[in-house]
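Q: Pasted the sequence and its predicted model underneath.
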Amino acid sequence: MKKRKKRWGVFALTIIGIVIIYVFVSLWISINYIVVREYAVETGKCENPVRAAVISDLHDHEFGEGNAALIEKIIEVKPDIVIMDGDMLNSNSEDASVPLSLVKELVQKLDGEIPIYYAWGNHEMGYMDKGQPDLKQELEEAGAAVLDKSYEDIEINGVPIRIGGLYDYAFGLDGNDSALKAPKEILTFLQEYQNTNRLKIMLSHRPDSFVFGDASEVWDVDLVISGHNHGGQFVIPFLGGLYGGDQGWFPEYVHGIYEKGNLQMFVTSGLGSYKQKLPRFNNPPELAVLTIR
């Protein structure tokens, strides 16, 4: 009997040890190890595929000195366009040196031939509100095009594209989240933005901007690209991400490709994390490579 209890005790301690090792290894990976994930989305508007490197939610983290490891991986995937989809710094950052250095190095390493588009996240908004209003100018001088309630008409691989940026909600806070009740500035922008036959790509840091109310049914957008929710932050095996912004617990739209109303949405789990109550877990930093067909 004593031998049997001893064996069960050893077995239990072994299992506990394995779990502890798994947790610590997963926590380390979720902070330090960049994974490159390939995704593809069909729009029906591309004669030739467009390959986008999508990053978000860096939160001033650095993968190697000057983000050398991240830059190397972006170069390796040979993108046609680089998208920085918000929260690349923190609202309380002393300066924007991390995203500015990243933009400058990418411009140099990609010989200035690959366009870089940057959309605001909530942390950029907070950073500017706290006395750093020149962020847009600094990023543009570094070599990125910054989009917020604005768009550009471009051509990549022979594909005419209208790429826009919108941090705000694509609906009004009227109790019903009605798209046509959005504030006038947003309403005017979206109505003008959608008035084209080009492939319409919207950089919207928060997927929440389009998933609530009737926004996904009213606005004519081919593809929304988002981040913000860190893949659910704490990813529980078989259950998915634990929490995601306005979507709350066990959110639906946090990582991957989704169809919602009349639009398609891609959400990256991002690269880092701000000072959360929960760390990233089972959730490695992601460089997303999105092939748009």
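A: Cool, got the structure.

Q: I'd assumed Val103 was in contact with Ile74.
A: No - under the criterion of C-beta atoms under 8 Å, Ile74 makes no contact with Val103, lying 11.4 Å away. From N, CA and C alone the C-beta is placed, and that goes for glycine too.

Q: Quick check: the gap between Pro115 and Leu190.
A: According to C-beta to C-beta, to the nearest Å, Pro115 stands 23 Å off from Leu190.

Q: And the two? Which one has more around it.
A: Leu190 (25 against 19; other C-beta atoms under 10 Å).

Q: Leaving out the residues flanking it, which one is nearest to the more buried one?
A: Distance criterion C-beta to C-beta, 6 or more residues apart in numbering; nearest residue to Leu190, sequence neighbours excluded, is Trp219 at 5.5 Å.

Q: try Gln132
A: Closest residue to Gln132 apart from its sequence neighbours, by C-beta to C-beta, 6+ apart: Ala96 at 7.2 Å.

Q: same deal with Ala215?
A: Nearest non-adjacent residue to Ala215 (C-beta to C-beta, 6+ apart): Ala170, at 4.1 Å.

Q: Pull up the gap between the residue nearest to Gln132 and Glu42, please.
A: Taken as C-beta to C-beta, the span from Ala96 to Glu42 is 36 Å.

Q: Which parts of the chain are helices?
A: Remark: helices assigned in the chain by DSSP state H are 2-32, 68-76, 97-109, 122-129, 135-142, 184-193, 208-211, 215-218.

Q: who's in contact with the third one?
A: Judged by C-beta atoms under 8 Å, 6 or more residues apart in numbering, the contacts made with helix 97-109 from elsewhere in the structure are 58, 60-62, 66-67, 70-71, 74-75, 82, 84, 88-89, 114, 116, 118, 138-139, 142-144.

Q: 10 Å instead?
A: Here helix 97-109 makes contact (C-beta atoms under 10 Å, 6 or more residues apart in numbering) with 53, 55, 58-62, 66-68, 70-72, 74-75, 79, 82, 84, 87-90, 93, 96, 112-116, 118, 124, 135, 138-144.

Q: Can you give me the buried ones in it?
A: Buried residues in helix 97-109, counted by 16 or more other C-beta atoms under 10 Å: 98-100, 102-107.

Q: Among these, find me the one that's closest to Gly261.
A: Ranked by distance to Gly261 (C-beta to C-beta), these are led by Pro99 at 31.9 Å.

Q: State the distance from that closest one to Trp120.
A: 11 Å.

Q: Check the contact lists of these two and give me the overlap.
A: Taking C-beta under 10 Å, 6+ apart as the contact rule, Pro99 and Trp120 both touch 87-88, 135.

Q: picking up where we left off before, from the buried residues of helix 97-109, which is closest to Tyr151?
A: Val103 (19.7 Å).

Q: Nearest residue to that closest one in space, please, no chain neighbours.
A: That would be Ala142: by C-beta to C-beta, 6+ apart, it lies 4.1 Å from Val103.

Q: In contact with the residue nearest the centre of the chain, which residues are there?
A: Taking C-alpha atoms, centre = their mean, the centroid of the chain lies closest to Gly227, which sits 2.6 Å from it. Counting by C-beta under 10 Å, 6+ apart, Gly227 touches 54-58, 83-88, 119, 121, 203-207, 254-255, 266-271, 286, 288.

Q: just Glu217 next, same as before
A: Residues near Glu217 by C-beta under 10 Å, 6+ apart: 179, 260-263.

Q: circling back: whichever of the contacts of helix 97-109 end up buried, select them in PyMOL.
A: Burial among these is assessed by 16+ other C-beta under 10 Å; the matching PyMOL selection reads:
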select buried, resi 53+55+58+59+60+61+67+70+71+74+79+82+84+87+88+89+90+93+96+114+115+116+118+124+135+138+139+142+143+144
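
Q: Show me where the stretch 151-293 of the chain dips below the pLDDT cut-off.
A: Low-confidence segments of the stretch 151-293 of the chain (pLDDT under 70): 277.
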